[in-house]
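*Asks:* got a sequence here, can you build the structure:
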Amino acid sequence: MKVLYAAGMMRWIGAGFLLFAVGCTTLEATVVSPATQAPTTMVSTTTSIPTTTSVLPEGPPTTSTVPTTTSEQTERTGRPKPTGFGAPDPEMVMKEDQAFLYATNVLMNNGFFNVPVWSSSDLTQWEFVGDALPTLGVWAEIGYTWAPGVLETDTGWVLYYTARVAGTTENPALPAGEQCIGVAVADDPWGPFVDERDKPLVCQHELGGSIDPSPFVDAGGTSWLVWKSDGNAPHASTGVQLFVQELSLDGTALVGASVVVLDAVTVGEEIIENPEIVRAANGSLWLVFSAGWWADDTYRVGLARCESPVGPCELSDRQVGTVGPLVGPGGVSVVDTGEESLVVFHTWVGGTAETGGTRQTVVTTLDEVWAYTQPN
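*Replies:* Next up, the predicted model:
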């Protein structure tokens, strides 16, 4: 089936997870079992989908109360909380009347998908489309494709993805291999995206590798890529930093030099990741990131306000973390409908990775995310 990927939008990674506690649509994530079957539908919000640029409200409130019951959720948002499918590290973008949800690699339907994608025209009925990136670049090893980002340019569509560099798994000096960032292009938003390079787009060997790419287009039309240096990898000891660099007009090359906009030491954590740059309704820029360990309840979302895409960025005193039924939120993407901003993210349900829980995917509004930020 021919569908449209919702591309060219800004992802808000890791910042909107508290929405699970306020009656958001929940999409159950069972993503790595061979027996898992991808459903053809899931229930989400009933919001219509025009095509506009994603923006944030001007800022979070100073206080909030988190409801924890289904009745409170329904009363607050009018949205049900049904379960559908899981999409870890989701990227939700829009094209015309279609919403598309990309995710980290999954094993399901007796097949392995490097970048699985689902499509919906109403955020109520979702259909599994297939693999947006059926073949990795020759430099990459299958099985470790994470956290995709998508950008629409004047010349086509661009997909950024994290993958393990081929041959590094067997290297005893690299206990977990080396992860780097690739870029693939397609004439159509539904792909298939093709990476014709013989090497990654970004691979900071001296910093442990590079992961979690996310594109951003500023108010002047310049495209940027933000990512994490993999300084917490077993073979690295450099510490984690978040980088930003300008992209070429077609989105397939880097321009100028990269700039560090935040580091883990400043945040007071060993790990920060999943960076995202978004623009507030008042024009201000925010760097959103996840902090802590992804597999447990320490995972949370931090914010920093930036003067420009390359900083300087000042750490906010607000965060989104584990509260009530929400455990270790992460992987946020934001889309503006023209009437409200929607957020998609994943959170742990029924425990964490270490206690038998599963990641579930949620779709709700950005206003609710801001309402449930907390002091650091």
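*Asks:* which residues touch Gln374?
*Replies:* Residues near Gln374 by Cβ atoms under 8 Å, 6 or more residues apart in numbering: 64, 318-321, 323. Where you see a C-beta, it was placed from the backbone N, CA and C, and this is true even at glycine.
*Asks:* again, 7 Å this time
*Replies:* 318-319, 321 (Cβ atoms under 7 Å, 6 or more residues apart in numbering).
*Asks:* same check on Arg300?
*Replies:* Residues near Arg300 by Cβ under 7 Å, 6+ apart: 291-292, 319-322, 329.
*Asks:* for the residues you listed, pick the one with the most neighbours.
*Replies:* The residue in the contacts of Arg300 with the most neighbours, by other Cβ atoms under 10 Å, is Pro329 (31 neighbours).
*Asks:* is it true that that residue touches Thr347?
*Replies:* Yes: contact criterion Cβ atoms under 7 Å: Pro329 and Thr347 qualify, at 4.6 Å.
*Asks:* so which of the contacts of Arg300 are in strands?
*Replies:* 291, 319-320, 329 (DSSP state E).
*Asks:* looking at this protein, which helix or strand does the model trust least?
*Replies:* helix 70-77 (a mean of 36; mean pLDDT, DSSP states H and E).
*Asks:* show me how far the next helix or strand after that one is from its chain's centre.
*Replies:* Using DSSP states H and E, the helix or strand that follows helix 70-77 towards the C-terminus is strand 91-95. In terms of Cα atoms, centre = their mean, to the nearest Å, the centre of strand 91-95 is found 11 Å from the chain centre.
*Asks:* can you report how many residues lie near Gly149?
*Replies:* Gly149 has 30 neighbours, counted by other Cβ under 10 Å.
*Asks:* for Ala280, same thing?
*Replies:* Neighbour count for Ala280, taken as other Cβ under 10 Å: 15.
*Asks:* ok, now Val255?
*Replies:* Each residue near Val255 was counted by other Cβ under 10 Å, and the total is 13.
*Asks:* bridging residues for it?
*Replies:* Beta-bridge pairing of Val255 under DSSP bridges involves Glu246.
*Asks:* gap between it and Ser223?
*Replies:* For Val255, the distance to Ser223 (Cβ to Cβ, to the nearest Å) stands at 9 Å.
*Asks:* returning to what we had before: ok, of the ones in strands among the contacts of Arg300, which one's closest to Gly231?
*Replies:* Relative to Gly231, the closest of the ones in strands among the contacts of Arg300 is Ala291; by Cβ to Cβ it sits at 13.8 Å.
*Asks:* the closest one touches Ile272, doesn't it?
*Replies:* Yes: Ala291 lies in contact with Ile272 (Cβ under 7 Å); the separation is 4.9 Å.
*Asks:* contacts for the strand ranked longest in the chain?
*Replies:* Using DSSP E, we find that the single longest strand of the chain is strand 140-153. Residues outside strand 140-153 that contact it (Cβ under 7 Å, 6+ apart) are 5, 7-8, 11, 89, 91, 93, 102, 104-105, 114-115, 136, 157-166, 169, 179, 182, 211-215, 223, 249-251, 274.
*Asks:* with stretch 224-233 instead?
*Replies:* For stretch 224-233, contacts defined as Cβ under 7 Å, 6+ apart pick out 160, 176, 179, 181, 202, 204, 207-216, 218, 236, 238-247, 270-271, 273, 275-277, 309.
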